[in-house]
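Chemist: Let's see this in three dimensions:
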Amino acid sequence: MSRVGKHPIDIPAGVTVDFKDGLLSGRGKNGNFDFKVHEAVKTEIVDGKIVFSPGDDSKISRSMWGTCRAIVSKAVEGLSTNFVKKVNLVGVGYKASVQGENLVMQLGYSHDIIFEIPGDLKIVCESPTTISVSGMSKQRVGEVIKRLQRYRAPEPYKGKGVIIEGQYVYRKEGKKK
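Modeler: Residues are numbered from 1 along each chain as shown. So this is what the prediction gives:
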């Protein structure tokens, strides 16, 4: 039995959720979402809660039960509150700034890195070395953070690079004489 799937999802105030023909759609202050629920999963909206249950005892039905519940839970949460992740730029001369619709980063290369900010997300530079990414979708926020990290991955010898807040960078000892 799914430990995740058996918990109903509370619908917060200010959020409306509809279920019709296998399509779950929601609207809130941050935007809206549509999610096609897998056909092996039964979905009901009862007393302000979204309840998922497996359609039968097949393996796909039981596995998609918890998956659908987890995806919809984060989507409903994103309608009322934004997901926020922060990134620190660690290194001499590493800095970033928002210029119009672009994030301009200096990461030790001979040129500036210009990253176009997606329309569904908000990127703010709280300081020259701290970038905050926020948005309705937890997946999109994490996706953009990882794309930023690809420009200068954390380096194990000096600990320099684009580091997600809370991420542990495994440090190595350098060569000895």
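
Chemist: make it CA atoms for all contacts and neighbour counts henceforth
Modeler: Noted.

Chemist: what helices or strands is the helix or strand that Asp34 is a member of leaning on?
Modeler: Here Asp34 sits within strand 31-36, counting by DSSP states H and E. Contacts defined by 3 or more C-alpha pairs under 8 Å, 6 or more residues apart in numbering; DSSP states H and E place strand 31-36 against strand 23-28, helix 59-80.

Chemist: would a markdown table of those with mean pLDDT be doable?
Modeler: Compiled in a markdown table, these are given as follows (pLDDT from 0 to 100):
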| stretch | mean pLDDT |
| --- | --- |
| strand 23-28 | 91 |
| helix 59-80 | 90 |
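
Chemist: Identify the residue spatially nearest to the residue nearest to the spatial centre of the chain, adjacent ones excluded.
Modeler: What sits nearest the mean C-alpha location of the chain, by C-alpha atoms, centre = their mean, is Lys138, with 2.3 Å. Among residues not flanking Lys138 along the chain, Phe83 sits closest, at 5.9 Å (C-alpha to C-alpha, 6 or more residues apart in numbering).

Chemist: And that neighbour, how close does it get to Thr130?
Modeler: Phe83 is 16 Å from Thr130, where distance means C-alpha to C-alpha, to the nearest Å.
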